[in-house]
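Asker: from the sequence below, what's the structure:
(one chain, ligands or ions: 2)
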Amino acid sequence: MSMVSLDATDGLKSLLRKMADLTAPKCAGTGGVGSCNPPHSCCSPEYCEMTLGYAKESWGVELQRTEHPRLPLMGPLGCIAEPHLRPLCTLHLCKINGLGCTGDKKFDKAYFKLRDEINTALYLRDAAVEAKTKKE
Ligand code: SF4
Ligand code: SF4
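Answerer: Numbers count the residues shown, from 1 in each chain. Ligands and ions are numbered 1, 2, ... in the order given. Alright, predicted model coming up:
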């Protein structure tokens, strides 16, 4: 396989931003069928810790912990990590993870199409990061 440069994987940022925008109404409880009830209920400290490590290791970004009593990356306006720095959280949607679909066919089609693109881009980025690390 030809080696992919880290710069060539920058499209991943916009793909994960698109995913965050797509899922936001579901997570806020306003996206109709398959929406969260209660809204924004699945964040947990271990995912914040994973995000802190991934952001540093894969993107060279040192995220600052917030004052939140339980979630180190939760700020007053929501998660302070950009969507590409927390791919597990960005891709997570409880109905999809638990049941395999939300019941909203149009949404599910868009979600899985985007998720396929993201998985490919994530794979290429991980390979590029690994190659860079080996060189250093
Ligand atoms: S992933 Fe599920 S539980 Fe978490 S905020 Fe979104 S809809 Fe709610
Ligand atoms: S979305 Fe942000 S605050 Fe919530 S678990 Fe993930 S990293 Fe933590």
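Asker: so which bits of the longest helix along the chain are buried?
Answerer: In the chain, with assignment by DSSP state H, the single longest helix is helix 105-135. Neighbour counts over helix 105-135 (16 or more other CB atoms under 10 Å) mark 107-108, 111, 114-115, 118, 121-122, 124-125, 128-129 as buried. Every C-beta, even on glycine, is put in place using the N, C-alpha and C of the backbone.
Asker: rounded mean pLDDT for stretch 64-77, please.
Answerer: Stretch 64-77 shows a mean pLDDT of 95.
Asker: mind listing the helices for the protein?
Answerer: 11-27, 45-59, 87-91, 94-99, 105-135.
Asker: may I see the ones you listed organised as CSV, with distance to residue 34 and mean pLDDT added?
Answerer: What follows is the helices of the chain, written out as CSV (distance: least, CB to CB, whole Å; pLDDT from 0 to 100):
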stretch, distance to residue 34, mean pLDDT
helix 11-27, 6, 94
helix 45-59, 21, 95
helix 87-91, 15, 96
helix 94-99, 5, 92
helix 105-135, 7, 90
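Asker: TSV for these, including distance to ligand 1?
Answerer: Converted to TSV, the helices of the chain look like this (distance: least, CB to the nearest ligand atom, whole Å):
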stretch	distance to ligand 1
helix 11-27	3
helix 45-59	10
helix 87-91	8
helix 94-99	3
helix 105-135	12
